[in-house]
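Novice: What would the 3D arrangement of this be:
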Amino acid sequence: SADAAAAAAAAVRGDAGAAAKAACQACKDLLVANRANVEALRQMSETKDDMIGMQARIHKGFEDINATIEKATAAHEKILRKAHAMSVLRKRTAVFEKYITHKQKGFAKAEIKKYAKGECGFDLSDEAATKIFQRLADASGHIPQERFQPLKLAVFIAKEEEASRIRRKEAEERRKQLEAQKAALQDDFDKIGRAADAVESAVAKAEELCNTLATTLGEETSALEPVDAAQAQIDTAREATEAVRAQITKLVDAVDGELQGFVQAETSKYGAQAGACEARLGRSVSSLQEVRGHRTRRAAAELEKLRAGVVKLMKDYISEKKVEPEEFFKLVDKDEDGSISRSEFLSFLQGLDSCEIEADKLDRLFSHLCETVMAKETFLRLVAVRYRVVKDSIVQTEMAVASKENKTVRRLDEAELVEVYAGPVKDDKGITRVKCCAVKDGAVGWVTVVGNNGIIFLEEEPAAATDAQPAAEAVAAPVAPAPPPPPPIAAATEASDEPTGAPQPGAKADQ
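Specialist: Numbers count the residues shown, from 1 in each chain. All right, here's what the predicted structure looks like:
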């Protein structure tokens with residue numbers, strides 16, 4: 001057989017090559033081993049010529065060996081190719097004979113379909129089988145074995161054509177399915193479009209309200225209700241904008257990958273519309289903040305003016321009736337529960353002949369000062385008189401500067417605040433003094449307001465001021481706790497010079 005012949009040729013080639021190489025190597029080894037003897041006879045020309053001839057013969061032997069090996073290799077490869085071809089032919093013949101009924105004739109049309117099903121794994125249509133048969137059949141009405149390779153190629157082409165037809169059909173079905181899904185999505189697009197139009201309307205309304213309020217910046221109004229209404233409209237428009245974006249995101253996430261690009265393209269205009277609305281809302285917010293700030297400041301100023309008026313009424317009452325703040329609190333606190341209710345506050349002020357403030361404004365002031373009831377400390381803070389130090393002074397224990405018992409409590413620095421407990425009163429030297437409490441640390445004692453030579457040490461602070469806030473800001477600030485209650489007022493002693501700022505003998509160290 002072809003396989004046996006190839007194996008025999010390979011064996012002969014291998015043995016011959018090995019023997020030739022071994023003989024050449026033996027000659028080479030002989031020459032190397034006898035090199036010393038040869039060198040000794042170099043002068044003998046005959047021996048030298050013989051050696052040269054022997055080397056030429058050895059070289060020729062190597063060339064002959066290589067030529068023989070090349071020929072043997074070519075013959076071996078030819079035998080292998082022939083053996084492979086014979087193997088392929090045998091397999092092809094086996095397949096051919098597997099499906100034919102009459103070996104002498106070849107494939108009939110029915111056998112073509114059997115071959116396609118068995119070897120290619122698909123059902124060949126009658127139309128395709130007929131075309132193949134008509135093209136390849138010979139005069140006997142069969143497809144002979146020599147045409148089996150074209151038959152095989154034709155069947156594979158028919159298989160690919162069928163697969164292509166199926167792919168086209170599936171693609172068309174998918175296209176129709178996507179078109180149906182796109183048509184179904186149109187309702188969602190319309191819904192988002194209506195929502196976007198509603199956002200436009202809400203934003204336009206918010207802009208209208210803000211623009212109207214912006215024209216009132218020069219007016220003397222502090223009403224915040226229109227500002228709150230505009231803010232509510234802005235919030236409504238912003239929520240509607242966020243709802244549109246949420247609908248777009250939800251719709252994009254709900255569809256598969258093939259439709260996401262389509263949905264994103266269709267909804268991009270609504271996203272851009274929402275973005276434009278957000279920018280417009282941002283401008284409206286800025287405008288509204290300006291209006292709110294203006295009206296808040298005006299409202300604060302109005303409340304401060306109202307508070308100052310109420311404080312003046314109460315201080316005038318205290319001055320007229322010559323009552324201490326504690327006694328004044330008890331007069332207003334009718335139910336003696338330790339706090340001032342809304343009704344007690346309004347009832348007292350409206351009972352004053354000099355009060356011309358409307359009840360609703362008094363009620364608004366009470367709500368501004370406290371939530372439900374006014375604590376005693378807060379109430380006393382309203383009627384407290386505060387002075388600011390304009391020239392360094394000292395807090396002393398006695399009303400009279402020149403009193404032998406007078407001691408220095410501590411120094412007062414410029415710009416400090418003190419809260420008056422008693423006074424102002426003048427001693428026999430004409431020095432105006434007040435008993436007060438330092439807001440900074442609660443130190444209590446007597447301090448000079450005006451010296452007997454006219455030097456001013458303390459100036460009365462506006463009613464709205466706090467420890468470190470100007471009057472314009474105090475209206476919105478929380479009310480600070482009142483200083484501790486003053487000790488009993490000591491009787492005035494002999495007058496002395498105004499304070500020099502240095503501690504008196506025996507005074508406490510400065511704090």
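
Novice: For the rest of this, base every contact and every neighbour count on C-alpha atoms.
Specialist: Noted.

Novice: Residues contacting the longest strand along the chain, please?
Specialist: Determined from DSSP state E, the single longest strand within the chain is strand 417-426. When contacts are defined by CA atoms under 8 Å, 6 or more residues apart in numbering, strand 417-426 is touched by residues 384-389, 432-440, 449, 467, 483, 486, 489.

Novice: Would you map the strands across the protein?
Specialist: Under DSSP E, the chain gives strands at 339-340, 374-375, 386-389, 393-396, 408-412, 417-426, 432-438, 444-450, 458-460.

Novice: quick revisit: which among the contacts of strand 417-426 end up buried?
Specialist: Listed as buried from the contacts of strand 417-426 are 384-389, 432-439, 449, 483; burial here means 16 or more other CA atoms under 10 Å.

Novice: Mind picking the two most distant members of these?
Specialist: The span of the buried ones among the contacts of strand 417-426, defined through CA to CA, is set by T432 and P483 at 22.4 Å.

Novice: sorry, back to before: may I see the strands of the chain organised as JSON lines, with distance to Q134 and mean pLDDT added?
Specialist: As requested, the strands of the chain are exported to JSON lines (distance: least, CA to CA, whole Å; pLDDT from 0 to 100):
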{"stretch": "strand 339-340", "distance to Q134": "117", "mean pLDDT": "92"}
{"stretch": "strand 374-375", "distance to Q134": "113", "mean pLDDT": "90"}
{"stretch": "strand 386-389", "distance to Q134": "122", "mean pLDDT": "89"}
{"stretch": "strand 393-396", "distance to Q134": "129", "mean pLDDT": "92"}
{"stretch": "strand 408-412", "distance to Q134": "125", "mean pLDDT": "92"}
{"stretch": "strand 417-426", "distance to Q134": "120", "mean pLDDT": "82"}
{"stretch": "strand 432-438", "distance to Q134": "122", "mean pLDDT": "88"}
{"stretch": "strand 444-450", "distance to Q134": "127", "mean pLDDT": "92"}
{"stretch": "strand 458-460", "distance to Q134": "124", "mean pLDDT": "88"}
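
Novice: Is it possible to get JSON lines of these that adds distance to D228?
Specialist: As requested, those are exported to JSON lines (distance: least, CA to CA, whole Å):
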{"stretch": "strand 339-340", "distance to D228": "31"}
{"stretch": "strand 374-375", "distance to D228": "28"}
{"stretch": "strand 386-389", "distance to D228": "37"}
{"stretch": "strand 393-396", "distance to D228": "50"}
{"stretch": "strand 408-412", "distance to D228": "46"}
{"stretch": "strand 417-426", "distance to D228": "38"}
{"stretch": "strand 432-438", "distance to D228": "42"}
{"stretch": "strand 444-450", "distance to D228": "47"}
{"stretch": "strand 458-460", "distance to D228": "39"}
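
Novice: tell me the most buried of the ones you listed?
Specialist: strand 444-450 (a mean of 26; mean count of other CA atoms under 10 Å).

Novice: and that strand with strand 408-412, angle?
Specialist: Strand 444-450 and strand 408-412 are oriented at 50 degrees to each other (axes from the mean of the first three to the mean of the last three CA atoms, to 10 degrees).

Novice: Please state the offset of the longest helix seen in the chain from the chain centre?
Specialist: If you go by DSSP state H, the chain has its longest helix at helix 148-214. Remark: helix 148-214 is offset 31 Å from the chain centroid, using CA atoms, centre = their mean, to the nearest Å.

Novice: ditto for stretch 371-390
Specialist: Centroid separation for stretch 371-390 versus its chain: 48 Å, with CA atoms, centre = their mean.

Novice: export it as CSV, just CAs?
Specialist: Backbone C-alpha positions of stretch 371-390 (Å, rounded to 0.1, in the frame of the first residue of the first chain) are rendered in CSV as follows:
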residue,chain,number,x,y,z
GLU,A,371,-43.3,82.0,70.6
THR,A,372,-46.1,81.5,73.1
VAL,A,373,-45.2,83.3,76.4
MET,A,374,-42.6,85.8,77.2
ALA,A,375,-40.1,84.8,79.8
LYS,A,376,-39.3,87.1,82.7
GLU,A,377,-35.8,87.6,81.5
THR,A,378,-36.9,88.6,78.0
PHE,A,379,-39.5,91.1,79.4
LEU,A,380,-37.0,92.7,81.7
ARG,A,381,-34.5,92.9,78.8
LEU,A,382,-37.0,95.0,76.9
VAL,A,383,-37.1,97.7,79.6
ALA,A,384,-33.5,97.5,80.5
VAL,A,385,-31.3,100.6,79.9
ARG,A,386,-27.9,100.0,78.5
TYR,A,387,-24.8,102.2,78.3
ARG,A,388,-21.7,101.8,76.2
VAL,A,389,-18.4,102.7,77.7
VAL,A,390,-16.9,105.6,75.6
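
Novice: who touches that stretch?
Specialist: 311, 314-315, 325-326, 329, 338-342, 412-420, 456-463, 479-482.

Novice: Contacts only, for L224.
Specialist: L224 touches R292, R295, T296, counting by CA under 8 Å, 6+ apart.

Novice: and the residues you listed as CSV, adding distance to Q264 and pLDDT?
Specialist: Below are the contacts of L224 laid out as CSV (distance: CA to CA, whole Å; pLDDT from 0 to 100):
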residue, distance to Q264, pLDDT
R292, 40, 89
R295, 45, 85
T296, 45, 87
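
Novice: now those: which count as buried?
Specialist: Buried among the contacts of L224 (16+ other CA under 10 Å): R292, R295, T296.

Novice: Count the residues that sit near the nearest residue to the second one once chain neighbours are set aside.
Specialist: The spatial neighbour of R295 that comes closest, neighbours along the chain excluded (CA to CA, 6 or more residues apart in numbering), is S222 at 4.5 Å. Residues contacting S222 under the criterion other CA atoms under 10 Å number 19.

Novice: so what's the backbone phi/psi at S222?
Specialist: phi -130, psi 10 (degrees, to the nearest 10).

Novice: Identify the residues contacting S287.
Specialist: Per CA under 8 Å, 6+ apart, neighbours of S287: C210, N211, A214.

Novice: mind redoing it with 6 Å?
Specialist: By CA atoms under 6 Å, 6 or more residues apart in numbering, no residues touch S287.

Novice: how near is the nearest residue to F348 once chain neighbours are set aside to A83?
Specialist: Distance criterion CA to CA, 6+ apart; nearest residue to F348, sequence neighbours excluded, is V332 at 6.3 Å. Going from V332 to A83 by CA to CA, to the nearest Å gives 128 Å.

Novice: hmm, back to that, okay, the contacts of L224 in JSON lines with distance to G193 next?
Specialist: Below are the contacts of L224 laid out as JSON lines (distance: CA to CA, whole Å):
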{"residue": "R292", "distance to G193": "34"}
{"residue": "R295", "distance to G193": "38"}
{"residue": "T296", "distance to G193": "39"}
